[in-house]
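Engineer: here is a sequence together with a model predicted from it:
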Amino acid sequence: MTTIIEVKRIEKSFGKFQALKDVDLQVDTGEILALIGPSGSGKSTLVKAIMGMLTVDSGSVRVFAQTMPNRNLLNRLGYMAQNDALYPTLTGRENLNFFGELTGLTKDRLKQRIEEVATVVKLNQHLDKKTGSYSGGMLRRLSLAIALLAEPELLILDEPTVGIDPELRQQIWLELHRLASLGTAILLTTHVMEDALESDQVLMLRNGATISRGTPTELMTRNHVDNLDAVFIVAGQVQDSTTGGLA
Ligand SMILES: Nc1ncnc2c1ncn2[C@@H]1O[C@H](COP(=O)(O)OP(=O)(O)OP(=O)(O)O)[C@@H](O)[C@H]1O
């Protein structure tokens, strides 16, 4: 197994506010890691540090064994940001084509993948409408489809399942597991414990610090509870007791 993302002891502050405190993380080939935590806990900041979109104050971020930021690595990964960066005057298909061409897929393969990813996110019926007319949920689904297009070695998905119904969530997870079985490393952020349960590894972030990590089963066993919400609550209480609630 190869290490795809390696984050060591990173710290990041915005002014006096410390958004990330001594965070470590590793994702290997074929592994799915869920970064879970409440709003403001630092998930997107960590993702942006991994993408090289912001520099950290200390610690290191390596992707494909190279120090980030490194623009040359960007075509080896699929990224779905929290804010959808799509062209509203283009149709869904035209957006997929545009971003797909940047990944270097052949024309035939791109055409085939557009049909496949549109099916995964259930947008087949809407591909020829301008994305300016899409709902928020449809835009999220199109962004996810774009990230999946090239079956990249690494997928980084910031809240891919927000606003998605249970049936579609299941379909998306089938595709994520399929890609992982082909060797894709996947890092996703989520608020949703169901997503964490689908993942191989879970890292719980609270107030910018790691409060728990492990497989879903390990986390529940270690904390003597039967669900991940309860793990989060127990681990949060431990964090408060060691920091006096000032973490
Ligand atoms: N550019 C910035 N300048 C100042 N503060 C920032 C900046 N980016 C993030 N923060 C702060 O850092 C903290 C963590 O933000 P972040 O977006 O990483 O949280 P999150 O866990 O992704 O939240 P959400 O689930 O709501 O997206 C928040 O308090 C946020 O206000």
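Structural biologist: Arrived safely, thanks for sending. Numbers count the residues shown, from 1 in each chain.
Engineer: going forward, measure contacts and count neighbours with C-alpha atoms only.
Structural biologist: Noted.
Engineer: and the helix or strand harbouring Glu194, anywhere near the ligand?
Structural biologist: In this structure, Glu194 sits in helix 193-198 according to DSSP states H and E. No. Judged by Cα under 6 Å from any ligand atom, helix 193-198 makes no contact with the ligand; its nearest approach is 13.3 Å.
Engineer: got the CA coordinates for that helix in PDB?
Structural biologist: Taking Å, rounded to 0.1, in the frame of the first residue of the first chain, the C-alpha atoms of helix 193-198 are listed here in PDB:
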ATOM      1  CA  MET A 193     -22.500   9.900  10.700                       C
ATOM      2  CA  GLU A 194     -23.800   7.600   7.900                       C
ATOM      3  CA  ASP A 195     -21.000   8.700   5.700                       C
ATOM      4  CA  ALA A 196     -18.500   8.100   8.400                       C
ATOM      5  CA  LEU A 197     -19.800   4.500   8.900                       C
ATOM      6  CA  GLU A 198     -19.200   3.900   5.200                       C
END
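Engineer: which residues touch it?
Structural biologist: By Cα atoms under 8 Å, 6 or more residues apart in numbering, the residues outside helix 193-198 that reach it are Ala34, Leu35, Ile36, Trp173, Thr190, Val202, Pro216, Leu228, Asp229.
Engineer: restrict these to contacts with the ligand.
Structural biologist: Counting by Cα under 6 Å from any ligand atom, no member of the contacts of helix 193-198 is near the ligand.
Engineer: buried only: go through those residues for me.
Structural biologist: Ala34, Leu35, Ile36, Trp173, Thr190, Val202, Pro216, Leu228 (16 or more other Cα atoms under 10 Å).
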